[in-house]
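Colleague: What shape does this take:
(2 chains)
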Amino acid sequence: MIIWQLLMIVQGCTRMNKKKKAQIKMGESIIILFIFFILVVFGLVFYASISKYTSGRDAVEAEEMNVENIQKELRFLSEIQCTESGNTRFDCYDIGKIIATQEAIQTHYDYYAQNVFLQTNISFIEVFPGNEEWSLYEPGFTEDDMLNIKGGSAFQIPVTLFHPIDDTYNFGYVSIMVYKYG
Amino acid sequence: MYTMHKKAQIEAGVNWIFIIVAGAIILLFFASVAAWYKSNQETKISGQVVVKLDSMFTSAIESPRTAKSVTIPDLPIHFTCDNDCNKYGCPSYFSGGAVSRDSGTEVVFSMANLEANNLISWALNFKIPYKVTNFLYLTNDQIRYIIIYDTASEDLFEAVNDVLSENPHLNLEAVFDGGSLEFEDYNDDFVRIVSLTPNKYTESDFEEFFSDSDFDFVDVDGSEISGYVYFNEGVGVQYYGIPMLIGAIFSENSEFYECNVNKALLLSSYVSYVYEKRTQWLFGNLPTTPEDKTYCDIYYTDADVVRAIQIIGEMSDVTLFEAGDLSSAIITIENNDNLAIINDCPRLY
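Modeller: Predicted coordinates:
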């Protein structure tokens, strides 16, 4: 009887041992998978932070590119360039054309706002010998637009301003303010 | 014993299912990450290529009469121009892969697809007679251009050839039509045949010469000032001046060409408006001291000059514009400008 009871205990222990072993194995597998996924998550978080940094840098580059494009657009805008019988003088702007373009912008505001100047404030400032200023374009912001503006970038580029009536070339600069939306 | 064996079998089966499911999930996860990364990088590279191309095109536009041949990555560059234009421009884009860029007001004459690792860029001033914009022409050395002319069209040919010969990178051939024509087929990617001898040839006349090359035919009927261009015996598209005619030589088809012509005419309407206002401003601001220049007002008040500028501005409006008025309008403005310069008065343009 006693022997029978001992045999039963040994058999029970063996069964329990097998069950426990299987449980331990399963636990090991789950822990391995858990660690694996933790490593994957770490990797993803690392990649996401790198991507965030890169996209931030790309956004700054895109903004600089936008400013550069506006500068180029302005530099080669046929409406305001100095010309001699249709041939262009670079970095020179005709005051007569600037004044005429101010009127053209008022008449065709949508065209110039959407295709040429976008969200940019542009003025020409004479520094020598006079000190006149001509505002070429100011974006027509609504109240909502004003709330969404998150700063901007200002640039000043030295240029020559040609006065067609006096036939004189004066020193000045063009002031460009590119607004940034949030 | 039997039960234990069965249990072990089930356990082994469950283990395998677990391994397969977990493995599949892991593989799927990595495959999706790889696919996402690949598409992300492709878009990024396409974006960089398009930005570089845009910069290249801008510098080409800025330097008229300077032809450049550059080596580029061997990827297709695609151009579109939809003739559904409005007062803001015509919907048009160029792309170098998955990313495209808007070129709504830039006048770009090219084939719809440029596929070679070389790109020839070239720009010309569009002046009527004042500068309106610069036209950009794009092609590659795999496209062959053949220009046919005869005695009657020699003047037009010389005007076109004088300008085209400034671009040494073009695969260009001029053929004088003395009665019979002979061509060699060099297996070019594409051959564009341009005839300055109107209504003399059709596309089928060239089929025997270009059995191994893709080709098309453009017929030109006009002068240096204006005329019509017919792509593959289709409806004629009007041109004004040599730079615009040269645009037809480089353009994909009639629709693409007309779309870019419309862009140019739209720009001319805005630029002409500025010249009209500038002319009025000059008249109203002529000084009396230290030197009396009121005598100059004749060059700005002359009703013909203002009307001439308006005519040029009306080119984009087919209901107002008559092509016959264009050359006289250009001459009127040029004459007034010349007289203003001679008499020490401000230039008109």
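
Colleague: What's the mean pLDDT across the lengthiest helix in chain A?
Modeller: Counting by DSSP state H, the longest helix found in chain A is helix A:2-75. The pLDDT scores in helix A:2-75 average 80.

Colleague: what pLDDT does the closest residue to A:Asn115 other than its chain neighbours get?
Modeller: Take A:Asn115 and drop its neighbours on the chain: the residue closest to it by C-beta to C-beta, 6 or more residues apart in numbering or on different chains is B:Thr105, 5.3 Å away. From N, CA and C alone the C-beta is placed, and that goes for glycine too. As predicted, B:Thr105 sits at a pLDDT of 85.

Colleague: hmm, back to that, and the longest helix of chain A, what does it pack onto?
Modeller: Helix A:2-75 sits against strand A:149-163, strand A:168-181, helix B:2-62, with contacts defined as 3 or more C-beta pairs under 8 Å, 6 or more residues apart in numbering or on different chains; DSSP states H and E.

Colleague: for the residue lying closest to B:Thr294 once chain neighbours are set aside, helix, strand, or coil?
Modeller: In this structure, B:Thr294 finds its nearest non-sequential neighbour in B:Leu286, 5.2 Å apart by C-beta to C-beta, 6+ apart. Classification of B:Leu286 by DSSP: H, G, I helix; E, B strand; the rest coil places it in coil.

Colleague: From A:Glu132, how far off is B:Leu286?
Modeller: 19 Å (C-beta to C-beta, to the nearest Å).

Colleague: Which one's more surrounded, these two?
Modeller: Neighbours per residue (other C-beta atoms under 10 Å in any protein chain shown) separate B:Leu286 from A:Glu132, with B:Leu286 holding more: 16 against 13.

Colleague: neighbours around the closest residue to chain A within the stretch 101-250 of chain B, how many?
Modeller: Residue of the stretch 101-250 of chain B nearest chain A, by C-beta to the nearest C-beta: B:Lys127 (4.1 Å). Neighbour count for B:Lys127, taken as other C-beta under 10 Å: 19.

Colleague: Tell me who's in contact with it.
Modeller: A:Gly86, B:Gly241 (C-beta atoms under 8 Å, 6 or more residues apart in numbering or on different chains).

Colleague: Name whatever forms a beta bridge with it.
Modeller: Legend: beta-bridge partners of B:Lys127 under DSSP bridges are B:Lys131.

Colleague: how's chain A carved up into domains?
Modeller: A:1-75, A:79-181 (automatic domain parsing).

Colleague: Could you identify which of those is most buried?
Modeller: The highest mean neighbour count among the domains of chain A, using mean count of other C-beta atoms under 10 Å in any protein chain shown, belongs to domain A:79-181: a mean of 16.

Colleague: one step back: please report how far the residue of the stretch 101-250 of chain B closest to chain A lies from A:Asn66.
Modeller: 30 Å.

Colleague: Same check on B:Asp74?
Modeller: Going from B:Asp74 to A:Asn66 by C-beta to C-beta gives 30 Å.

Colleague: Which strand or helix spans the residue in chain A positioned nearest to chain B?
Modeller: Nearest residue of chain A to chain B, counting by C-beta to the nearest C-beta: A:Ala100, 3.7 Å away. Assigned by DSSP states H and E, A:Ala100 falls within helix A:95-107.

Colleague: and that helix, what other elements does it pack with?
Modeller: Using 3+ C-beta pairs under 8 Å, 6+ apart as the contact test, the elements touching helix A:95-107 are strand A:133-137, strand A:149-163, helix B:254-284.

Colleague: Nearest approach to B:Ile143 belongs to which of those?
Modeller: Of all the helices and strands packed on helix A:95-107, helix B:254-284 sits nearest to B:Ile143, with 14.4 Å by C-beta to C-beta.

Colleague: Give me the angle between that closest one and helix A:95-107.
Modeller: On the basis of axes from the mean of the first three to the mean of the last three C-alpha atoms, to 10 degrees, helix B:254-284 is oriented at 120 degrees to helix A:95-107.

Colleague: does the residue nearest to A:Asn115 sit in a helix, a strand or a coil?
Modeller: coil.

Colleague: check contacts around it.
Modeller: Here B:Thr105 is in contact with A:Asn115, B:Tyr88, B:Gly89, B:Lys263, B:Leu266, B:Leu267 (criterion: C-beta under 8 Å, 6+ apart).

Colleague: For the fourth one, give its distance to B:Ala60.
Modeller: Remark: distance between B:Lys263 and B:Ala60 (C-beta to C-beta) = 17 Å.

Colleague: B:Ser165 and B:Val194, how far apart?
Modeller: B:Ser165 sits 15 Å away from B:Val194, taking C-beta to C-beta as the criterion.

Colleague: again with B:Ile225
Modeller: B:Ile225 is 18 Å from B:Val194, where distance means C-beta to C-beta.

Colleague: Tell me which of the two has more neighbours.
Modeller: Ranked by neighbour count (other C-beta under 10 Å), B:Ile225 and B:Val194 place B:Val194 first, with 22 against 16.

Colleague: which residues touch that one?
Modeller: B:Val194 makes contact with B:Tyr145, B:Ile146, B:Ile147, B:Ile148, B:Phe217, B:Val218, B:Val220, B:Ala248, B:Ile249, according to C-beta under 8 Å, 6+ apart.

Colleague: got these as a markdown table, with neighbour count, distance to chain A and secondary structure columns?
Modeller: Shown next, in a markdown table, are the contacts of B:Val194 (neighbours: other C-beta atoms under 10 Å in any protein chain shown; distance: C-beta to the nearest C-beta, whole Å; DSSP: H, G, I helix; E, B strand; the rest coil):
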| residue | neighbour count | distance to chain A | secondary structure |
| --- | --- | --- | --- |
| B:Tyr145 | 20 | 27 | strand |
| B:Ile146 | 21 | 31 | strand |
| B:Ile147 | 22 | 26 | strand |
| B:Ile148 | 24 | 31 | strand |
| B:Phe217 | 21 | 33 | strand |
| B:Val218 | 24 | 28 | strand |
| B:Val220 | 26 | 24 | strand |
| B:Ala248 | 25 | 22 | helix |
| B:Ile249 | 21 | 23 | helix |
